[in-house]
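>>> Kindly generate the corresponding structure for this input.
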Amino acid sequence: MQWKVKESLSRRQLIMMSDKDHETVAAACPTGNPIDDCWRCGPNWASNRQQLASCGFGFGRDALGGQGGPVYIVTDSSDDDASLNKPGTFRYGVSLNQPLWIIFSSDMTIRLKDKLMMSSFKTIDGRGADMVTSTSLWTSGMQVTVALNHFDEGLEQRMPRCRHGYFHIVNNDYMEWGMYAVGGSANPTINSQGNRYMAPANPNAKEVTRILDDTIGDSEWMKWDWRSEGDILVNGAFFAPSGDGSGVKYALASSTDPKSAMIIDQLTINAGVLGPTIGGSGPLTGTGTGVGAAAGSGTGEGWGIPLVGRTVYGGSVTAPLPPSIFFSFLMVILCHLYVCIL
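Predicted structure coming up:
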């Protein structure tokens, strides 16, 4: 996915931060966003990060992710040589063939130099860290929900790009795009509901959608099922629908009841960076036991995230590396989740 964090805290006038106890309290909680309301209203979420796994939504509501697995801390933002797959990097964590809850030791910029292939059972938890990357999200598979995101200025395309399968794009806020917002190839079904699409000033980039398949003509594309329902289109934005509106296909591309696009500001008010005081500051420490992990501890400057009872992996927080049995997992680069980050 391509993320750009830009003045994200300024969007959240309802969020108040307390320097005394380093807790974030939402002045307007709940917000109506089912994911945020599930975990964010509690002031001590950082001590129980894996509660987020119970906040499933859309087609992913039953996904386990890294629940029950050890915590992997990304401490190294480099991706200079993908073939080395260095411990402590983001690439190393997502390649390991076991459940992992992946967090970040500090603010960082990660620029991927090659395709990132994720193994199964991973949760990438960026809460509490300011993350900027330069990538794109391709989704290819059966049923995918893209929901409750704020796509800010400076993004070009692939939010997302869809291939095959059924895609529910619901209650997102698109502030701008360079080329297009939602693209597709290989006959995906796209169900866009309750989003706000704000077109850029460029008169040649007003269309929300883009067909990304040069092998077909208009007559073939018109058989694909793409629809916009309850979306707000701003500044000349337009969505090109296609297909016969078959209820059966859109039923397969419906994962939740959309909320009104009129409250999109409220639904996405917490999107973006939480801020630097989440969970307090101090050393990262962790102890625990698990598959391929001896009991141990590690220290290093970070966010003060309680990790007792979890194994910490990450090369540059001075925590011991797991035994050599783990390195056999470097060969596991298959995209079991049908999500490939390029």
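
>>> number of nearby residues for the spatially closest residue to Pro30 that is not a sequence neighbour?
Nearest residue to Pro30 in three dimensions, chain neighbours excluded: Asp37, at 3.9 Å (CB to CB, 6 or more residues apart in numbering). For the C-beta atoms, the positions are set from N, CA and C on the backbone; glycine is no exception. Asp37 is flanked by 15 other residues according to other CB atoms under 10 Å.

>>> And for Tyr174?
24.

>>> what sits against it?
Phe151, Met159, Ala181, Asn195, Arg196, Tyr197, Met198, Val208 (CB atoms under 8 Å, 6 or more residues apart in numbering).

>>> ok, these vs Gly230, which is closest?
For those, the closest approach to Gly230 (CB to CB) belongs to Asn195, at 8.3 Å.

>>> That closest one: neighbouring residues, count only.
Residues near Asn195, counting by other CB under 10 Å: 28.

>>> doesn't Val170 make contact with it?
Yes - look at Asn195 against Val170 with CB atoms under 8 Å: they come within range, at 7.0 Å.

>>> what sits against the closest residue to Ala240 other than its chain neighbours?
Spatial nearest neighbour of Ala240, excluding adjacent residues (CB to CB, 6+ apart): Thr209 at 5.2 Å. Listed by CB under 8 Å, 6+ apart, the contact partners of Thr209 are Tyr180, Ala181, Val182, Gly183, Gly184, Ile190, Trp226, Phe239, Ala240.

>>> And these, which of them are buried?
Tyr180, Ala181, Val182, Gly183, Gly184, Ile190, Trp226, Phe239 (16 or more other CB atoms under 10 Å).

>>> Which strand residues bridge the third one?
When assigned by DSSP bridges, Val182 has beta-bridge partners Thr209.

>>> where's it relative to Ser255, distance?
To Ser255, Val182 is 16 Å away according to CB to CB, to the nearest Å.

>>> In this protein, where is pLDDT below threshold?
Filtered on pLDDT under 70, the chain yields the residue ranges 1-28, 132-141, 246, 273-342.

>>> Is Thr189 in contact with Gly247, as I believe?
No - counting by CB under 8 Å, Gly247 is not a contact partner of Thr189; they are 11.7 Å apart.

>>> Of these two, which one has the most company?
Thr189 (24 against 9).

>>> ok, the more buried one - contacts?
Counting by CB under 8 Å, 6+ apart, Thr189 has contacts Gly165, Tyr166, Phe167, Trp224, Asp225, Trp226, Gly243, Lys249, Tyr250, Leu252, Ala253.

>>> how close does it get to Gln157?
Taken as CB to CB, the span from Thr189 to Gln157 is 20 Å.

>>> And Lys86, by the same measure?
Distance from Lys86 to Gln157, by CB to CB: 30 Å.

>>> More neighbours: those two, which one.
Neighbours were counted for Lys86 and for Gln157 using other CB under 10 Å; Gln157 has more, 18 against 15.

>>> about what we covered before: pick out the most distant pair among the contacts of Thr189.
Gly165 and Gly243 (14.8 Å).

>>> what about Asp81, distance to Arg127?
Counting by CB to CB, the gap from Asp81 to Arg127 is 29 Å.

>>> end-to-end on stretch 208-226?
Taking CA to CA, to the nearest Å, the first and last residues of stretch 208-226 lie 12 Å apart.

>>> what about the helices in the stretch 201-342 of the chain?
Ranges of helices in the stretch 201-342 of the chain, per DSSP state H, counting those that start in this stretch, are 218-221, 247-252, 264-267.

>>> Export those helices to a markdown table and append columns for distance to Leu100.
What follows is those, written out as a markdown table (distance: least, CB to CB, whole Å):
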| stretch | distance to Leu100 |
| --- | --- |
| helix 218-221 | 40 |
| helix 247-252 | 31 |
| helix 264-267 | 29 |
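
>>> Quickly compare those and say which is most buried.
Neighbour counts (mean count of other CB atoms under 10 Å) averaged over each of the helices of the stretch 201-342 of the chain peak at helix 264-267, with a mean of 18.

>>> Now do that one: which elements does it pack against?
For helix 264-267, the packing partners by 3 or more CB pairs under 8 Å, 6 or more residues apart in numbering; DSSP states H and E come out as strand 173-174.

>>> mind listing the helices for the stretch 51-200 of the chain?
90-95.

>>> what's near enough to touch Leu148?
Neighbours of Leu148 in contact, by CB under 8 Å, 6+ apart: Asn33, Ile35, Asp36, Phe57, Val170, Asn171, Asn172, Leu267, Thr268, Ala271.

>>> tell me, how many neighbours does the first one end up with?
Which is Asn33. 22.

>>> same deal with the second one?
When neighbours are counted by other CB under 10 Å, Ile35 registers 17.

>>> Same question for Asn204.
Neighbours of Asn204 using other CB under 10 Å come to 7.

>>> Report the separation between it and Gly236.
Asn204 is 11 Å from Gly236, by CB to CB.

>>> repeat for Leu96
46 Å.

>>> ok, those two, which is more surrounded?
Leu96 (25 against 13).

>>> neighbours around Val144, how many?
Neighbours around Val144, by other CB under 10 Å: 24.

>>> Now it: closest residue in space that isn't a chain neighbour?
Distance criterion CB to CB, 6+ apart; nearest residue to Val144, sequence neighbours excluded, is Phe167 at 5.0 Å.
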